[in-house]
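*Asks:* A predicted structure for the sequence below; I have some questions about it.
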Amino acid sequence: MSSYSLTHLAFSCMFHANNNNILMMWQVFFVNRFYIFLVRAVLGAVFAVMLSRFFYPDADLVYVAGLGVFLVGMAYLSEYIRIRKKE
């Protein structure tokens, strides 16, 4: 047996022992984070269109998309700062 097979076997036995708890925890974490990203992306796009049309009605689509990316980035930055202050 190669070392890869032994390592794979040991990992799979260890993983399957706690498969339900670990897998469910990771699925919940990633699904929740994905939904948060989706909500932020949609809201960022909506507010980017509203702000750009209100202040710069002739803005190109590239600038509106850039503003949306900026807004989503600021949401993640504010979350990082908020979490860092709690600790």
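*Replies:* That came through fine.

*Asks:* what's the distance between V39 and K85?
*Replies:* 23 Å (CB to CB, to the nearest Å). To be clear about C-beta, it is placed using only N, CA and C from the backbone, and glycine gets the same treatment.

*Asks:* what's D60 sitting at in phi/psi?
*Replies:* With angles defined as degrees, to the nearest 10, D60 sits at phi -70, psi 160.

*Asks:* One more: Y56?
*Replies:* Note on Y56: backbone dihedrals following degrees, to the nearest 10 are phi -130, psi 80.

*Asks:* Can you say which helix or strand has the residue lying closest to it once chain neighbours are set aside in it?
*Replies:* Spatial nearest neighbour of Y56, excluding adjacent residues (CB to CB, 6 or more residues apart in numbering): Y63 at 7.5 Å. Assigned by DSSP states H and E, Y63 belongs to helix 61-86.

*Asks:* Which neighbouring elements make contact with the helix ranked longest in the chain?
*Replies:* Taking DSSP state H as the criterion, the chain has its longest helix at helix 19-55. Other elements packing on helix 19-55 under the criterion 3 or more CB pairs under 8 Å, 6 or more residues apart in numbering; DSSP states H and E are helix 61-86.

*Asks:* can you count the residues close to R82?
*Replies:* Neighbour count for R82, taken as other CB atoms under 10 Å: 9.
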